[in-house]
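>>> Dropping a prediction and its sequence here:
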Number of protein chains: 2
Amino acid sequence: MNGSTALLTDRYELTMLDAALASGRAFRKTVFELFPRRLPDGRRYGVLAGVGRMLDAVEAFRFEASELDYLTTAKIISPDLAAWLADYRFTGSMWGYGEGEVYFPNAPLLIVEGTFAEACVLETLLLSIYNYDSAVAAAASRMTLMAGDRPCIEMGARRAHERAAVAASRAAYIAGFAASSNLEAGRTYGVPTAGTAAHSFTLLHGSEEEAFRAQLATQGKGTTLLVDTYDVEAAVRTAVELAGPELGAVRIDSGDLADQAVEVRALLDSLGATKTRIIVTSDLDEYQIAALRGAPVDGYGVGTSLVTGSGAPTCSMVYKIVARADSDAADATLEPVQKRSPNKATIGGRKYALRRRNARGIAEADVIGIGRPPVDDGDDRALLVPLIDAGRIVGREPLSAARARHAASRAELPRAAHKMSRGDAAIPTIIDPEVQP
Amino acid sequence: MNGSTALLTDRYELTMLDAALASGRAFRKTVFELFPRRLPDGRRYGVLAGVGRMLDAVEAFRFEASELDYLTTAKIISPDLAAWLADYRFTGSMWGYGEGEVYFPNAPLLIVEGTFAEACVLETLLLSIYNYDSAVAAAASRMTLMAGDRPCIEMGARRAHERAAVAASRAAYIAGFAASSNLEAGRTYGVPTAGTAAHSFTLLHGSEEEAFRAQLATQGKGTTLLVDTYDVEAAVRTAVELAGPELGAVRIDSGDLADQAVEVRALLDSLGATKTRIIVTSDLDEYQIAALRGAPVDGYGVGTSLVTGSGAPTCSMVYKIVARADSDAADATLEPVQKRSPNKATIGGRKYALRRRNARGIAEADVIGIGRPPVDDGDDRALLVPLIDAGRIVGREPLSAARARHAASRAELPRAAHKMSRGDAAIPTIIDPEVQP
């Protein structure tokens, strides 16, 4: 695999470009907007993730010889377009919601200003990253909300495409997960990693005792022993016998987790291992985590439901042209444009977006409009931050900043947002009536 | 991004390895099996995809300096393990279902024989690839089944992680899709690509007429014009006016597709464009495709539901140790091992798998057992093919072979398998009673 992201693109982006080159419209200034048409059914808020990955991917969006060879040999593009793509780099500007920000339907999550050619060709890649990463972040946020102070550990690599899993781990961390099993996420993004042993390790050895002894010898008494390969009670007794009360944790990966947690807690306590934690895994989602609130559980490992967005494996984000210059002149006026397809209409023009808060700092509504935002009464929070300024990336930030932004943004929501039951968006979005489609 | 796949791995694979090195069990010979616990609720068959990608990924599973630096600096592995990983390459053997093969619950999709160390460490990567690619292939197969002779075009890149989308395009092609919008899938795997224009292209221009004219000028009259930006009827009239009856196709991307297809077909015919095809897109899945069977539609573009597995975005495949040597001796006996976790029990031993067919060649049952398969009465089909022989990859094949295998395997199924309604697996799986858990 090479590092260029340029072919992670739908063919029609390039065929459009070829036609626009021929019609002379390719270099007309435009504004594109990436926005979600809706939240998944019943969800009360969305979470934006993927901003940092998007900036890296735009930087790597270059057509080198190997990309151009394929495109011209396969007769997908004209020689004129090949010549233009060879020098491609995005020289326009982008503003958008900061990574980790909570969002609602129709939010202008990303605004891309540039020529039609340079903005159009990024469509597929921008959407891929924002749609997937945000689907995972939204699910992760609901899980960490239900888990409260108990840590959630991301373990979904085996249930997602191998590279998607790395992005999922990153998105989960932004939304409050404490750690991940994914080593590539550790290396690439600095996500803390965790993991000890699977059932195969126990089965490799002649007995559970032999396996536990081997694990304790290399990983120390603070490790987590997996206790459900044969019989949980016997395994817990063996574990404490070998490790003593300093045993870090036991993991239960099957059966009724709530009942077993109660039994294992009592057993651990009776054996003097009162500080040994209980980690549960096995098809957890936000509902299961909520159901385990009353159980003596100290941490959750979450896999499948996290990396598949807990029922919403993608978002309904789209990327639409919202304005274009009325001529090729440098000082041309940007005119709003909008399509009128049934149920898919767009709102023309370049937007602002604010989160309006009450005096106690609780979010009340998002306000979206065109042009200059209304005068701030002190409680509004601007949602758009600069990401790329005339081709220069200005929006990079450490992952910890996105994680902090998410925690703050979620904390600002009214309490209704914290319910797992199906409902409407936690706050309304007010669209300036003048720009309604 | 570098090309090594070695860190696309759960941390616990390496911590287990460290402990097994210390306990002296790391190099004991083992058999691991990758199998699906079940089909998604109501699905009648599964489709295996990812075999070719898996072979590439195993070949690229190497720990170079950058991987080892991360692992040792982060204190994830011991110096002993780092030294062993530096020379890692898989020297064992693999057998498995051929790519494109139809499967049922508990099928031994992949059998991995090697030392514990070399087989265990591949777990996460093997599962990631098989679980995602097969989820897409299974959904794709249902879609092409419903589409019959009408071509399906994969357009889901924007709804999946950007690299997952490339794998999805490949899996869809195996399951009978005719083409994909994904350029990287075209370059990497030779999947035929397709695509013409989006609404933004029409909106860029001063009028639909101007946009269509530009597209026809560069792409010729055989192109597909998108006709739902403003008013479908007016757009179709403009399109035929400009292109004449040689216009290749029109695309409708919104509204009631069945009704519109009827209207547009009548209009095209009345304008003399009787050969112009109608392509529909917009949130299609296998049910929508089935519902459009009676409509005059010539092709389907499918996005979201395809790349997210149409409600089943991953499979429930797992990777379990099923046998291990009873000593370190070269001629040691492989002993079946199995865990007894509730609802997660495994069947020990190295399996065979056959598809039993009746005299008319229709599949009747899968037969799975340990050891030597029963004597073939002429109608059995062996399902396992050699993939890696003592470290040498022997299972590579062109994508067209997987595509042909899928078509043949699906055609062999009883008619009940062709229903979209919820049901049981199309044929039963008979497990040799001696090996039942």
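Nice, I can see it. Numbers count the residues shown, from 1 in each chain, chains lettered A, B, ... in the order given.
>>> Then A:Thr30 would be within a helix, right?
No: counting by DSSP: H, G, I helix; E, B strand; the rest coil, A:Thr30 is not found in a helix; it is strand.
>>> Check the gap between it and B:Phe201 for me.
According to Cβ to Cβ, to the nearest Å, A:Thr30 and B:Phe201 sit 11 Å apart. From N, CA and C alone the C-beta is placed, and that goes for glycine too.
>>> do A:Glu208 as well
From A:Glu208 to B:Phe201 the distance is 64 Å (Cβ to Cβ).
>>> Equivalent analysis for A:Arg237, please.
Separation of A:Arg237 from B:Phe201 (Cβ to Cβ) stands at 69 Å.
>>> Likewise for A:Trp95?
Distance check for A:Trp95 against B:Phe201: by Cβ to Cβ, it reads 24 Å.
>>> Also A:Cys120?
In terms of Cβ to Cβ, A:Cys120 sits 8 Å off from B:Phe201.
>>> Now the common contact residues for the two.
Overlap of the contact sets of A:Cys120 and B:Phe201 (by Cβ atoms under 8 Å, 6 or more residues apart in numbering or on different chains) consists of A:Met16, A:Ala20.
>>> Quick check: chain neighbours aside, which residue is closest to A:Ser409?
A:Val102 (4.4 Å; Cβ to Cβ, 6 or more residues apart in numbering or on different chains).
>>> helix, strand or coil for A:Gly176?
Taken by three-state DSSP, the conformation at A:Gly176 corresponds to coil.
>>> Within the helices and strands, which one has the nearest residue to it once chain neighbours are set aside?
Once flanking residues are discounted, A:Gly176 sits nearest to A:Thr144: 3.3 Å by Cβ to Cβ, 6+ apart. A:Thr144 is located in helix A:123-147, with elements delineated by DSSP states H and E.
>>> Check the average confidence over that helix, would you?
The pLDDT scores in helix A:123-147 average 98.
>>> outside of the helix or strand just after it, which residues touch it?
The element immediately downstream of helix A:123-147 (helix or strand, assigned by DSSP H and E) is strand A:152-154. Outside of strand A:152-154, the residues within contact range by Cβ under 8 Å, 6+ apart are A:140, A:143-144, A:168-169, A:172-173, A:176-182, A:194, A:279, A:289, A:299-303, A:306-307.
>>> The residue of the stretch 201-350 of chain A at minimum distance from chain B and B:Leu14, how far apart?
The nearest approach of the stretch 201-350 of chain A to chain B comes at A:Ala214, 3.4 Å away (Cβ to the nearest Cβ). When distance is defined by Cβ to Cβ, A:Ala214 is 14 Å away from B:Leu14.
>>> just A:Arg251 next, same as before
17 Å.
>>> Over to A:Pro296?
Counting by Cβ to Cβ - A:Pro296 and B:Leu14 are separated by 30 Å.
>>> now swap in A:Ala235 and tell me
Distance from A:Ala235 to B:Leu14, by Cβ to Cβ: 23 Å.
>>> Look up how far A:Ala172 lies from the residue sitting nearest the centre point of chain A.
Nearest to the geometric centre of chain A sits A:Asp133, at 2.9 Å (Cα atoms, centre = their mean). Distance of A:Asp133 to A:Ala172, computed by Cβ to Cβ: 10 Å.
>>> so what's in contact with the two at the same time?
Common neighbours of A:Asp133 and A:Ala172 (criterion: Cβ under 8 Å, 6+ apart): none identified.
>>> What's the first helix or strand after the helix or strand where the residue of the stretch 201-350 of chain A closest to chain B lies?
Here A:Ala214, judged by DSSP H and E, is contained in helix A:208-219. Proceeding N to C from helix A:208-219, the next assigned helix or strand is strand A:224-226, under DSSP H and E.
>>> Direction included, what does that following strand pair up with?
strand A:249-252 (parallel) (DSSP bridges).
>>> which residues touch the strand it pairs with?
Looking at what lies outside strand A:249-252 - Cβ under 8 Å, 6+ apart - the contacts are A:196, A:223-228, A:232, A:235-236, A:239, A:260-261, A:264, A:268, A:276-282, A:298-299, A:301.
>>> Return the subset of the residues you listed lying in strands.
Here DSSP state E is the test, and these give A:Thr224, A:Leu225, A:Leu226, A:Arg277, A:Ile278, A:Ile279, A:Val280, A:Gly299, A:Gly301 as lying in strands.
>>> Among A:Arg251 and B:Leu14, which residue is more densely surrounded?
It is B:Leu14, of A:Arg251 and B:Leu14, that has more neighbours when counted by other Cβ atoms under 10 Å in any protein chain shown, with 25 against 20.
>>> hmm, back to that, ok, how many other residues are close to the residue of the stretch 201-350 of chain A closest to chain B?
25.
>>> Quick check: it touching B:Leu21?
No: shown here, A:Ala214 and B:Leu21 do not form a contact pair, counting by Cβ atoms under 8 Å, at 9.3 Å.
>>> May I ask which helix or strand encompasses A:Leu14?
A:Leu14 belongs to helix A:11-23, assigned by DSSP H and E.
>>> for that helix, the distance to its chain's centre please.
31 Å (Cα atoms, centre = their mean, to the nearest Å).
>>> For it, the averaged confidence score.
Per-region confidence: helix A:11-23 scores 95 on mean pLDDT.
>>> CA atoms of that helix as PDB?
Extracted in PDB, the C-alpha atoms of helix A:11-23 (Å, rounded to 0.1, in the frame of the first residue of the first chain):
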ATOM      1  CA  ARG A  11     -14.400   8.000 -10.200                       C
ATOM      2  CA  TYR A  12     -17.100  10.600 -10.900                       C
ATOM      3  CA  GLU A  13     -15.100  13.300  -9.000                       C
ATOM      4  CA  LEU A  14     -12.500  13.100 -11.800                       C
ATOM      5  CA  THR A  15     -14.900  12.700 -14.700                       C
ATOM      6  CA  MET A  16     -16.700  15.900 -13.500                       C
ATOM      7  CA  LEU A  17     -13.300  17.600 -13.300                       C
ATOM      8  CA  ASP A  18     -12.500  16.600 -16.800                       C
ATOM      9  CA  ALA A  19     -15.800  18.000 -18.000                       C
ATOM     10  CA  ALA A  20     -15.400  21.200 -15.900                       C
ATOM     11  CA  LEU A  21     -11.900  21.700 -17.400                       C
ATOM     12  CA  ALA A  22     -13.400  21.500 -20.800                       C
ATOM     13  CA  SER A  23     -16.300  23.900 -20.000                       C
END
